[in-house]
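Student: Fold the following for me, if possible:
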Amino acid sequence: MMKVLPLGWGLGVALTFACAPIFSPVFASEPSGQEFEDNETRGVAERSFAYSYGPEVAAIPAFADLIRKQEETALDKQKAQWNEAVEEFAELGCVTCVARLYTNTWEVAAQTDRFLILVSEKWTYTGGAHGNSFFTALGWDREAGAAGDGASFRPIDMFVSETALENTAFGEYCAALLEQKQERLKIDTAKMNPFEGCPSVGELVVTPLSSDGVHFDRIQLLAAPYIAGSFAEGPYAFDIPLSAAILAAVKPEFADHFIVPNAPVN
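Tutor: Next up is the predicted model:
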């Protein structure tokens, strides 16, 4: 399971920057993975940008290049927004107005012989009382592409549609979410409607998970702050076992790569 930001973060976390000179880009490429940092300081204005991925991604150059290009676009956007903020607010001495933070950690959610599934947890601060976190899922199919040399895809696209998945998994993931709310908030959920306030699949990030590295036997659902509760509750991450109903929502071309746990063998 990927690391989820702890509860109670806020402005203090958002404005915690590593000590940096006026301009400090760092790009490290190693067999164990890759890390990138680009930090900048102008008076009270600070900008911090960082992302990382592990050796599984580094072993697929085309996939690593795709992620780097996405992050370069995010960096260009942050720099442009920060420069505008510095020009507009620097003389006011408003630290929160001229602070920008971006961190994105790409982690392996699942890996089989054919597929590599990544989940990223992105934290951004663009001013105001606090930042926020967001989830993204991205997969690599080693057998896809015109030449069969691999291609990226959205894990949710392994299913017929978001609606088809929701129609089969809604009850189970809403119950799993309510159970986490009970543990986290210390509330009595016995008389609560598990479907009330339960987000749709379209609001969540969905990835398949594998217990044996051969087949996908569970699905993971990630809810960023505000999606399944208040900001103070933080993000939620939960998974449910694959059922025959959920398997029926998998696209036929991927069905052989999914399995229902403990299903009777014919």
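
Student: hey, where'd the helices end up in the stretch 1-150 of the chain?
Tutor: For the stretch 1-150 of the chain, helices defined by DSSP state H, counting those that start in this stretch occupy the ranges 11-14, 55-58, 61-89.

Student: For these, state which one has the densest average packing.
Tutor: Mean neighbours per residue, mean count of other Cβ atoms under 10 Å, is largest over these for helix 55-58, with a mean of 17. Bear in mind the C-beta positions are built from the backbone N, C-alpha and C, glycine included.

Student: now it: how far from the chain's centre is it?
Tutor: 17 Å (Cα atoms, centre = their mean, to the nearest Å).

Student: Same list (the helices of the stretch 1-150 of the chain) but as TSV, adding distance to Phe153 and mean pLDDT.
Tutor: Output for the helices of the stretch 1-150 of the chain, formatted as TSV (distance: least, Cβ to Cβ, whole Å; pLDDT from 0 to 100):
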stretch	distance to Phe153	mean pLDDT
helix 11-14	32	36
helix 55-58	15	96
helix 61-89	11	95
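
Student: I'd like the ones you listed as TSV, with distance to Gly150 appended.
Tutor: Listed next are the helices of the stretch 1-150 of the chain as TSV, based on distance: least, Cβ to Cβ, whole Å:
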stretch	distance to Gly150
helix 11-14	37
helix 55-58	12
helix 61-89	6
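
Student: Provide a list of residues in contact with Ala45.
Tutor: Neighbour list for Ala45: Trp82, Ala85, Val86, Ala90, Val98, Ala99 [criterion: Cβ atoms under 8 Å, 6 or more residues apart in numbering].

Student: Nearest spatial neighbour of it, chain-adjacent residues omitted?
Tutor: Leaving aside its chain neighbours, Ala45 sits nearest to Val98 (3.6 Å; criterion: Cβ to Cβ, 6 or more residues apart in numbering).

Student: Surely that neighbour touches Val44?
Tutor: Yes - between Val98 and Val44 there is a contact at 6.5 Å, judged by Cβ atoms under 8 Å.

Student: Who has more neighbours out of the two?
Tutor: Higher neighbour count among Val98 and Val44: Val98, with 23 against 15, using other Cβ atoms under 10 Å.

Student: ok, the more buried one to Glu37 distance?
Tutor: As judged by Cβ to Cβ, to the nearest Å, Val98 and Glu37 stand 19 Å apart.

Student: His215 too?
Tutor: His215 sits 38 Å away from Glu37 when distances are taken as Cβ to Cβ.

Student: got it, and Gly234?
Tutor: 25 Å.

Student: Counting neighbours, go ahead and name the busier of the two.
Tutor: Taking other Cβ under 10 Å, Gly234 and Glu37 do not tie; Gly234 has more neighbours (20 against 17).

Student: can you list the contacts of Ala45 in a markdown table and add distance to Gly131?
Tutor: Shown next, in a markdown table, are these (distance: Cβ to Cβ, whole Å):
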| residue | distance to Gly131 |
| --- | --- |
| Trp82 | 14 |
| Ala85 | 14 |
| Val86 | 18 |
| Ala90 | 20 |
| Val98 | 14 |
| Ala99 | 9 |
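
Student: so, if you compare the residues you listed, which one comes nearest to Gly197?
Tutor: Ala99 (32.3 Å; Cβ to Cβ).

Student: Point out where the stretch 51-200 of the chain drops to low pLDDT.
Tutor: Counting by pLDDT under 70, the ranges of the stretch 51-200 of the chain that qualify are 90.

Student: What segments of the stretch 51-200 of the chain are strands?
Tutor: 99-111, 115-125, 132-141, 151-153 (DSSP state E, counting those that start in this stretch).

Student: out of the ones you listed, nearest to Lys186?
Tutor: It is, among the strands of the stretch 51-200 of the chain and with distance given as Cβ to Cβ, strand 132-141, at 22.7 Å.
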